[in-house]
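Enquirer: sequence unknown, structure follows:
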RNA sequence: GGUCCUGUAGUGCAGUCUGGAGUGCACGCCGCCCUGUCAAGGCGGAGGUCGCGAGUUCAAAUCUCGUCAGGACCGCCA
């Protein structure tokens, strides 16, 4: 070993020992010809070394320093430092690597540095305490999850990265097949199909910390490549799956924060939409949606009389905070999410309204609104009237916009959202219903009778896990019965022949005895980000990509040799104009 | 595909609205001084394609158009 202990480990108990520490020069402070301090840093912390000033070491030089640990002279201890009571003196310095001056400081001042500069020099960024902590949080999350799964008898299985292209879902990354020019593998959007086949294969309980790839536009909470805890279980009902996942995510949170979060709340999808206007409600704050539809059953106000659903939210004491400008912005916001408009009411002292539409509301209606919201002077009320889903979703967005704390701000509020609809909306191109989760999702047993007559009202045995308003992941009980699968396909506009062509390799195995099974997958990047107190998953990924997908450090993606392309049977077209 | 915001020294910024010499600040860097500092201190110094390209103008970091790059969001992400 080159070192006897780590920089951040030195304590008074080491006084008198001769030690060797290795690390980077965090800072050098000179005091004349024969005294200089070198703060040596590694991942564990910083220790002060007293060296002869004739040694030429500069920031970020990599050193091995050997010397004797002693108490610092009285009055010179540093309580900011874990090693602040001691120092290494009479130190001899071995330069292991010289270094050019760093592009940005290695402390928290670099938090303000342009992210592109940090990414271009990520190997420097990673030296910083923040990134060291974040990657270690992530490692702890992985470890906790793995141990929780092992403890519950799950088997870790790796599944292929090279798989057939399937047209459903996210845009795939594809890989040319050298031995079959013109044919391509697809990289997995998720191991979904394989994990169900593992159930058919009798694995009983599978998990994998799996890399998934989706060629969709990047966001603060999305990368091309992301990692999820992927799991599947046989002979289970919904509660069994939720219980198994709960252990893992609660363990992970406890391991990182030291505090075990509350039990995971449960709410049906319908309740979540009704109460919070979102299928991933943030339960850290209230401001729930209030039902107003009955109040306006016979209203003369045209904007309300034709709407199927009228709801609102109340901003306590918000009247003063929201001037005309902010309200106009909120209205634009509401429109961008699909509302035709937004009604705002400021509650006055006599519980009447200051509002452009006050004159259209009857006295009874106004009183009913005040009572429905339990409103008081100074409150701001925002109302949306539209079809049910639009009303809920728009208010959900407004609620988040107005009341939501930063995602990483505690406490941690896990939530199960259950009973998602089996079908959502209609595909714009085919006119057929679209699957809410995926086409292999089991309908709710109480609703199977309704598949034929009222498919849109059929609930699925599908569920999402939400943490502080971020969707962590989703899962479902799968269909294991061929007849039922055919029925669901039929409603998705997929014929037997088509199903066979598209999913044959997946469906045929189910003829040979498929156990009832279900599973789940959640994003480890998102979970780790929230637990690390970051609101952007790039901060907990060692080498992430910016929104453009162009890696400023490696310059990927890059062009390849013509010879390479010839071998693959690929010719690159000039860019479309 | 769309909306909004950003781009000035190695890094972070001011200057842009209201055009007048790259005018400036902090950190970092280089040199000298300094024996108890710890985001040390003092003195001196170097460092600029104002993202790029056009246009307007006597004159553009500043105004206009285009373009590139980055960010947040909408679409998209079964």
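Expert: Structure's in. What do you need? In this text the structure is predicted, and so the values were computed from the model without any measurement. Numbering: from 1, shown residues only, chains lettered A, B, ... in the order given.
Enquirer: isn't there a strand covering residue A:27?
Expert: Yes - membership of residue A:27 in a strand is supported by DSSP: H, G, I helix; E, B strand; the rest coil.
Enquirer: near RNA strand B, which residues of the stretch 451-577 of chain A are found?
Expert: Taking Cβ under 7 Å from any atom of the strand, the part of the stretch 451-577 of chain A that reaches RNA strand B is made up of A:536, A:538, A:546, A:547, A:548, A:550, A:552. C-beta coordinates here come from the backbone N, C-alpha and C atoms, glycine included.
Enquirer: selecting buried members of those in ChimeraX, what would you type?
Expert: Here is the ChimeraX selection string for the buried members of these, based on 16 or more other Cβ atoms under 10 Å:
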select /A:538,552
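Enquirer: TSV please, covering the residues of the stretch 451-577 of chain A next to RNA strand B and showing secondary structure.
Expert: Listed next are those as TSV, based on three-state DSSP:
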residue	secondary structure
A:536	coil
A:538	helix
A:546	coil
A:547	coil
A:548	coil
A:550	coil
A:552	coil
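Enquirer: identify the farthest-apart pair in the residues of the stretch 451-577 of chain A next to RNA strand B.
Expert: A:536 and A:550 (17.6 Å; Cβ to Cβ).
Enquirer: can you count the residues close to residue A:485?
Expert: 20 (other Cβ atoms under 10 Å).
Enquirer: ok, it - contacts?
Expert: A:440, A:479, A:499, A:507, A:510 (Cβ atoms under 8 Å, 6 or more residues apart in numbering).
Enquirer: with residue A:418 instead?
Expert: Shown in contact with residue A:418 (Cβ under 8 Å, 6+ apart): A:238, A:266, A:267, A:268, A:269, A:462, A:463.
Enquirer: first-to-last residue distance for stretch A:276-286?
Expert: 9 Å (Cα to Cα, to the nearest Å).
Enquirer: list the buried ones in that stretch?
Expert: By neighbour count with 16+ other Cβ under 10 Å, stretch A:276-286 contains the buried residues A:276, A:277, A:278, A:279, A:280, A:281, A:282, A:283, A:284, A:285.
Enquirer: now stretch A:471-487
Expert: A:471, A:472, A:473, A:474, A:475, A:476, A:477, A:478, A:479, A:480, A:485, A:487.
Enquirer: reformat the residues you listed as JSON lines; add pLDDT.
Expert: As requested, the buried residues of stretch A:471-487 are exported to JSON lines (pLDDT from 0 to 100):
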{"residue": "A:471", "pLDDT": "95"}
{"residue": "A:472", "pLDDT": "97"}
{"residue": "A:473", "pLDDT": "95"}
{"residue": "A:474", "pLDDT": "95"}
{"residue": "A:475", "pLDDT": "96"}
{"residue": "A:476", "pLDDT": "96"}
{"residue": "A:477", "pLDDT": "97"}
{"residue": "A:478", "pLDDT": "96"}
{"residue": "A:479", "pLDDT": "95"}
{"residue": "A:480", "pLDDT": "93"}
{"residue": "A:485", "pLDDT": "90"}
{"residue": "A:487", "pLDDT": "86"}
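Enquirer: flag the shaky bits of chain A, pLDDT-wise.
Expert: A:427-431, A:575-577 (pLDDT under 70).
Enquirer: could you list the domains of it?
Expert: Following automatic domain parsing, chain A resolves into domains at A:7-97, A:132-267+A:414-540, A:286-403.
Enquirer: just checking the first one against RNA strand B, any contact.
Expert: Okay, so that is domain A:7-97. Yes - contact of domain A:7-97 with RNA strand B (Cβ under 7 Å from any atom of the strand) involves A:27, A:29-35, A:37, A:39, A:48, A:50, A:53, A:58-59, A:72-73, A:75-78, A:80-81, A:84, A:87, A:89.
Enquirer: among those residues, which lie within strands?
Expert: With strands taken from DSSP state E, the overlap with the residues of domain A:7-97 next to RNA strand B comprises A:27, A:29, A:30, A:37, A:39, A:48, A:50, A:87, A:89.
Enquirer: show me what contacts the fifth one?
Expert: In other words, residue A:39. Going by Cβ under 8 Å, 6+ apart, the list of residues near residue A:39 reads A:25, A:26, A:27, A:28, A:29, A:46, A:47, A:48, A:49.
Enquirer: thinking again about what came up before, just the buried ones from the residues of domain A:7-97 next to RNA strand B?
Expert: A:37, A:39, A:48, A:50, A:59, A:72, A:81, A:84, A:87.
Enquirer: how many neighbours does the residue nearest to residue A:459 when sequence neighbours are not counted have?
Expert: Spatial nearest neighbour of residue A:459, excluding adjacent residues (Cβ to Cβ, 6 or more residues apart in numbering): residue A:444 at 3.9 Å. Residues near residue A:444, counting by other Cβ under 10 Å, number 19.
Enquirer: residue A:444 against residue A:463, yeah?
Expert: No - Residue A:444 is not in contact with residue A:463 according to Cβ atoms under 8 Å; the separation is 11.3 Å.
Enquirer: quick check: residue A:67 touching residue A:86?
Expert: No - applying Cβ under 8 Å, one finds residue A:67 not in contact with residue A:86, separated by 11.0 Å.
Enquirer: which residues are common contacts for residue A:444 and residue A:463?
Expert: Joint contacts of residue A:444 and residue A:463 (Cβ under 8 Å, 6+ apart) are residue A:419.
Enquirer: residues contacting stretch A:435-444, please?
Expert: A:168-169, A:192, A:196, A:419-424, A:451, A:458-462, A:474, A:476-479, A:484-485, A:488-489, A:492, A:494, A:518.
Enquirer: pull up the distance across it, start to finish.
Expert: End-to-end for stretch A:435-444, by Cα to Cα: 14 Å.
Enquirer: try stretch A:150-164
Expert: OK, stretch A:150-164 end separation, Cα to Cα: 30 Å.
Enquirer: that one: how far from the chain's middle?
Expert: 22 Å (Cα atoms, centre = their mean, to the nearest Å).
Enquirer: what of stretch A:505-513?
Expert: 33 Å.
Enquirer: residue of the stretch 251-400 of chain A closest to RNA strand B, please.
Expert: residue A:336 (6.0 Å; Cβ to the nearest atom of the strand).
Enquirer: same question, chain A
Expert: Distance from RNA strand B to each residue of chain A (Cβ to the nearest atom of the strand) is smallest for residue A:32, at 1.6 Å.
Enquirer: that older thread, are any of the contacts of residue A:418 buried, and if so which?
Expert: Buried members of those, counted by 16+ other Cβ under 10 Å: A:238, A:267, A:269, A:462, A:463.
Enquirer: and of the residues you listed, the nearest to residue A:560?
Expert: Using Cβ to Cβ, the buried ones among the contacts of residue A:418 come closest to residue A:560 at residue A:462, 41.4 Å.
Enquirer: still on that earlier bit, cross the contacts of stretch A:435-444 against helices and list the overlap.
Expert: A:192, A:196, A:484, A:485, A:488, A:489 (DSSP state H).
Enquirer: for the nearest residue to residue A:471 once chain neighbours are set aside, what are its contacts?
Expert: Closest residue to residue A:471 apart from its sequence neighbours, by Cβ to Cβ, 6+ apart: residue A:280 at 4.5 Å. Neighbouring residues of residue A:280 by Cβ under 8 Å, 6+ apart: A:272, A:417, A:464, A:466, A:469, A:470, A:471.
Enquirer: residue A:280: which element?
Expert: Assessed by DSSP states H and E, residue A:280 sits outside every helix and strand.
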